[in-house]
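J.: Okay, sequence plus prediction incoming.
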Amino acid sequence: MRQVVVYRGEDGYWIAECPSLPGCVSQGETRDAALENIREAIRGYIRALEEDNLAVPPETFEVEIVNI
């Protein structure tokens with residue numbers, strides 16, 4: 001299980017990032033498409049690390065909402 005940050009980009013597409021896996025970013029025309037794409041990206045990222053016998057980073061990302 002991984003935490004994902006989802007937000008609308010400047011071009012109107014939805015962006016999805018997995019902060020605990022540096023560089024693991026995807027997008028989609030809809031929020032649901034972005035989430036499906038990031039699931040695939042996370043699976044591929046972890047599979048590539050495992051194939052290269054590299055450690056998979058633990059999920060350590062925390063989110064705080066700051067009231068301003």
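T.: Thanks, I have the structure now.

J.: For the residue nearest to the spatial centre of the chain, list the residues it contacts.
T.: Nearest residue to the geometric centre of the chain (C-alpha atoms, centre = their mean): residue 18, 2.5 Å. Counting by C-beta atoms under 8 Å, 6 or more residues apart in numbering, residue 18 touches 2-5, 24-25, 38, 41-42, 45. Any C-beta I mention is one placed from the backbone N, CA and C, and that applies to glycine too.

J.: Take these and write them to CSV, including secondary structure, neighbour count and distance to residue 67.
T.: As requested, the contacts of residue 18 are arranged in CSV below (DSSP: H, G, I helix; E, B strand; the rest coil; neighbours: other C-beta atoms under 10 Å; distance: C-beta to C-beta, whole Å):
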residue, secondary structure, neighbour count, distance to residue 67
2, coil, 16, 26
3, coil, 13, 21
4, coil, 20, 23
5, strand, 13, 18
24, coil, 19, 29
25, strand, 17, 27
38, helix, 26, 27
41, helix, 20, 32
42, helix, 19, 30
45, helix, 19, 33
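
J.: which one among these gets closest to residue 13?
T.: Residue 13 lies nearest to residue 25 out of the contacts of residue 18, by C-beta to C-beta, at 11.6 Å.
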